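Asker: build me a model:
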Amino acid sequence: MTTVSPSVEVERKTLFWKRLGRVPWTWRITIAYLTVMLFIPIVAMFLKAATEPPSRFWAIATSDIALATYNVTFVTAIFAALLNGVFGTLIAWVLVRYDFPLKRLIDATVDLPFALPTSVAGLTLATVYSDNGWLGSLLTPLGIKVSFTRTGVAVAMIFISLPFIVRTVQPVLQEMEHEIEEAAWCLGASQWQTFWKVILPPLFPTILTGVALGFSRAVGEYGSTVIISSNTPYQDLIAPVLIFQRLEQYDYSGATVIGIVLLSISLVLLLAINFLQAWARRYDSR
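Answerer: As a prediction, the model looks like this:
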């Protein structure tokens with residue numbers, strides 16, 4: 001076993017601090033900020049969950065009520081993100097390609113879910129879609145109940161995640177050159193063929209980015225969904241509400257375990273979406 005002399009150790013430390021001194025201040029501030037605001041809380045959450053034995057951790061993570069909340073949370077969030085991927089792109093298209101009265105007002109209204117407190121959004125949606133509400137009264141005779149059901153959770157997720165898709169796609173549409181579309185029309189392509197083969201391929205990675213952002217926002221939503229849903233287990237109870245209920249019961253380890261599972265599943269899905277984005281960019285470059 002070789003030993004390092006004190007002088008060599010001092011030289012190594014001196015070299016380390018010299019190299020550290022060459023790191024730009026922007027890097028230092030960024031790393032420090034991410035460490036305090038992101039890395040330390042995540043590590044603390046994992047360490048808290050690690051206090052539970054593996055068997056206990058697995059029992060909490062795969063309990064019947066937990067599995068039911070995963071289903072409601074992720075399936076509904078994916079549905080909301082995909083639906084907004086279609087209609088958010090359509091809204092962005094209309095805002096970019098057409099001029100019409102009150103365009104600026106409608107454009108500003110798209111950002112309303114950003115500024116509106118989520119509890120206010122939930123209260124508004126629950127009132128509008130209740131059996132006696134403006135829209136709920138029209139849907140109730142058709143046998144469609146929105147407020148205090150899983151459908152209401154989907155409506156809340158769609159509402160709060162829509163701006164992410166619109167604001168992600170809109171700048172890319174503004175920068176696209178119209179000459180490419182005109183060239184396709186001159187070659188005999190219809191409007192649908194032009195959109196499908198000329199516009200959509202370079203736009204698809206951006207749409208995926210907006211869908212990923214909307215999905216992330218929908219998964220973590222609490223304020224609006226807790227009001228518009230009945231929070232009934234196995235029906236419309238979502239994972240964030242289950243975590244809060246565990247905290248109310250002073251079950252901090254159980255809440256942390258559910259949070260770890262929520263974080264892990266979200267991370268896997270986001271990595272899959274990023275992989276699709278990278279694949280779409282490589283396909284488009286060919």
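Asker: so the most centrally placed residue in the chain, which of the three states?
Answerer: In the chain, the C-alpha closest to the average C-alpha coordinate belongs to residue 216, at a distance of 1.6 Å (C-alpha atoms, centre = their mean). Counting by DSSP: H, G, I helix; E, B strand; the rest coil, the backbone at residue 216 sits in helix.
Asker: roughly how far apart are it and residue 204?
Answerer: Counting by C-beta to C-beta, to the nearest Å, the separation of residue 216 from residue 204 is 19 Å. All C-beta spots, glycine's among them, are computed from the backbone N, C-alpha and C.
Asker: burial count for residue 53?
Answerer: A total of 9 residues lie near residue 53 under the criterion other C-beta atoms under 10 Å.
Asker: my bad, should have said residue 130
Answerer: Close neighbours of residue 130, defined as other C-beta under 10 Å, add up to 19.
Asker: quick check: which ranges of the stretch 1-150 of the chain have low pLDDT?
Answerer: Applying pLDDT under 70 to the stretch 1-150 of the chain flags residues 1-23.
Asker: er, the stretch 151-286 of the chain actually
Answerer: For the stretch 151-286 of the chain, counting by pLDDT under 70, the residues that fall below are 182, 185, 277, 280-286.
Asker: now do the helices in it.
Answerer: With DSSP state H, counting those that start in this stretch as the definition, the stretch 151-286 of the chain shows helices at residue ranges 178-186, 191-194, 200-219, 225-228, 239-248, 252-285.
Asker: show me what the third one is packed against.
Answerer: Meaning helix 200-219. Of the remaining helices and strands, those touching helix 200-219 by 3 or more C-beta pairs under 8 Å, 6 or more residues apart in numbering; DSSP states H and E are helix 76-97, helix 150-175, helix 252-285.
Asker: same list (the ones you listed) but as JSON lines, adding distance to residue 241.
Answerer: Written out in JSON lines, the entries for the helices and strands packed on helix 200-219 read as follows (distance: least, C-beta to C-beta, whole Å):
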{"stretch": "helix 76-97", "distance to residue 241": "13"}
{"stretch": "helix 150-175", "distance to residue 241": "10"}
{"stretch": "helix 252-285", "distance to residue 241": "10"}
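Asker: which of those helices is buried the deepest?
Answerer: Mean neighbour counts were compared across the helices and strands packed on helix 200-219 using mean count of other C-beta atoms under 10 Å; the top stretch is helix 150-175, at a mean of 22.
Asker: ok now stretch 135-150, how far from the chain's centre?
Answerer: A distance of 26 Å separates the C-alpha centroid of stretch 135-150 from that of its chain, computed with C-alpha atoms, centre = their mean, to the nearest Å.
Asker: what's the end-to-end length of it?
Answerer: Using C-alpha to C-alpha, to the nearest Å, one end of stretch 135-150 lies 17 Å from the other.
Asker: now do stretch 89-106
Answerer: End-to-end distance of stretch 89-106 (C-alpha to C-alpha): 15 Å.
Asker: how far out from the middle of the chain is it?
Answerer: Centroid separation between stretch 89-106 and its chain, computed with C-alpha atoms, centre = their mean, is 24 Å.
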